[in-house]
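# below is the sequence, then the predicted model.
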Amino acid sequence: MLVLLLLGVSATIVLPNIDKGLRDREARIAALNLAAVARDLRSRALSEGVPQALALNVPQNSYLVGKSRDVRLPADVRFVSIEGGEPTERDVRTFYFFPNGSTLGGTIVLGAEASAAYRIRVEALTGRVEVGRADPS
């Protein structure tokens, strides 16, 4: 009976942490994928000599790569905040990547409910894209 009690108590402690870890992993993967797309757009702008666009659609929880490919974030992952870029429509912010390697710059924060948030920072002058954990504040 004591063994079953210990198993029950440990399950109530461990299972919520596993769920939180899975949500945290989803947010991290979504942030890394978005950063990879931004890097690819910067590279294409440099090689093709044509500006490239990344449009973030907050209400639809998705982003449009170039003018053709719409990518949806996982169900639990949301845009926490978006700074920079250019507002092109209501609740849509577009980040442009120019042929000289520069961008409009800004910061995008993605997160899942009750898990860590991840920050994607795009530097304006160099176009460098960095991913890291966002501050909890």
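That came in fine, so what should we check first?

# count of residues packed around the closest residue to Gly106 other than its chain neighbours?
Nearest non-adjacent residue to Gly106, counting by Cβ to Cβ, 6 or more residues apart in numbering: Gly84, 1.7 Å away. For glycine as for every other residue, the C-beta is placed from the backbone atoms N, C-alpha and C. For Gly84, the count of nearby residues is 15 (other Cβ atoms under 10 Å).

# for Tyr96, see how far away Gly84 is.
Distance, Gly84 to Tyr96, by Cβ to Cβ, to the nearest Å: 11 Å.

# what is in contact with those two at once?
By the contact definition Cβ atoms under 8 Å, 6 or more residues apart in numbering, Gly84 and Tyr96 are jointly contacted by Leu104.

# quick one: residues contacting the residue nearest the centre of the chain.
Central residue check for the chain by Cα atoms, centre = their mean: the C-alpha nearest the mean position is that of Ala31, 3.2 Å away. Listed by Cβ under 8 Å, 6+ apart, the contact set of Ala31 reads Leu110, Tyr118, Arg119, Ile120, Val131.
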